[in-house]
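Chemist: Using only what follows, build the 3D model:
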Amino acid sequence: MVTIAEVARHAGVAPSTVFYVLTGKRPISSETTTRVHDSMIELGYRLPAGARTVRRDRADVVALVLPPGEVHLPPVTRLVGSVAVAARGHRMDVLLVTPGRDAAGLRRAASSTRVNGFLVLEGEGAGERVRVLRELGRSSVLIGRSEKDLMCVDLDFEAAGARCVDHLADLGHRGIGFLGASRAGVTQRTFAGFGTAAMRRGVVGTALPVAADPGSVASAVGVLRAYPEMTALVVHNEVPLGRVIDCLRARHLRVPQDIAVVAVCPDEPVERTAPPLTSVELSAEDLGSRAVDLLVAVTGGARPPALTLVPPRLVRRASCSLPVPRPAGRGKVHSGPPQWN
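Modeler: Sure thing, here's the model as predicted:
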């Protein structure tokens, strides 16, 4: 184990200076403090259990751990930006831990006395990475959902699905289609909220997964149109959103005169469509800000709930109106093939 004396020799200072850098009991120059911290990192010095470094003239650091494998870049970029803004509000910097870091890589990052805590993006092995950090005694929060023993912050997808149904039902729609990304996970949670709200409001809900290719979009829209009571559509997949609108137009369905459309996605894609679409936004910016606030609370000794959910926000635009009269539904939820796994 690396000692304070070894750090002092490496940094070219007295052991008492290292002690004062760690405890903050005496003011130490910014230059000397930086040299001591750099030596700690290079030597792999770890604080004793329960100890906390007090740093002057240097911000704390929050490390954001990206998931391995392919990520959908736009939302991740928004999230990273929001974490940086929120961290700056707490006088903290952000260390981006790139994908592919194994347990050894996380241990190296955790050995940095600059790092105050870790935000770990959901992905394969996210729970294991959080456990490694906890074994090392570092505060961590998972962005996404995982096992109940992990502290998580996530977007409330169930509430987003329900908000879409309630908005359309309030306008008088009694048959609503749902097009979601052709993968499990967040789409399932959005549809769970959609389905529960449909049953509560006596709405016929019909769901199909849809991929980004034109054939998948055309097939899904065609199947949904087989239900004559459907006068509204919820789309939870921003990638093929423009193609969905084009496909409706090709079938001579005007938005909103013939069919109302609500999208579950950020503002930018829905503002580019014609007409601009009413949307339920699950904000990556709000998620990043809440995650930083939660991590700061945890490192300060607070014990927040195991799961914190960021609520959705509905923005009304030009894509919803009163429904065209159609045969009344009977208040149930359909799910056409293929199903989500």
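
Chemist: any weak-confidence spans in the stretch 151-300 of the chain?
Modeler: Applying pLDDT under 70 to the stretch 151-300 of the chain flags residues 182-184.

Chemist: Next, the buried residues of stretch 34-48.
Modeler: For stretch 34-48, a neighbour-count test (16 or more other CB atoms under 10 Å) marks T34, R35, V36, H37, S39, M40, I41, L43, Y45, R46 as buried. C-beta: built from backbone N, CA, C; applies to glycine.

Chemist: so the first one, which of the three states?
Modeler: Three-state assignment for T34 (DSSP: H, G, I helix; E, B strand; the rest coil): helix.

Chemist: follow-up on the earlier one: output the buried residues of stretch 34-48 in CSV; the columns should cover distance to L119 and pLDDT.
Modeler: Formatted as CSV, the entries for the buried residues of stretch 34-48 read as follows, by distance: CB to CB, whole Å; pLDDT from 0 to 100:
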residue, distance to L119, pLDDT
T34, 24, 75
R35, 28, 83
V36, 26, 82
H37, 21, 76
S39, 27, 82
M40, 22, 78
I41, 20, 73
L43, 26, 81
Y45, 24, 73
R46, 21, 67
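
Chemist: With distance to C247 added, can I get those residues in JSON lines?
Modeler: Formatted as JSON lines, the buried residues of stretch 34-48 follow (distance: CB to CB, whole Å):
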{"residue": "T34", "distance to C247": "59"}
{"residue": "R35", "distance to C247": "63"}
{"residue": "V36", "distance to C247": "63"}
{"residue": "H37", "distance to C247": "57"}
{"residue": "S39", "distance to C247": "62"}
{"residue": "M40", "distance to C247": "59"}
{"residue": "I41", "distance to C247": "55"}
{"residue": "L43", "distance to C247": "61"}
{"residue": "Y45", "distance to C247": "60"}
{"residue": "R46", "distance to C247": "58"}
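
Chemist: From the residues you listed, pick the one nearest E135.
Modeler: Of all the buried residues of stretch 34-48, the one with the least separation from E135 (CB to CB) is R46, at 12.3 Å.
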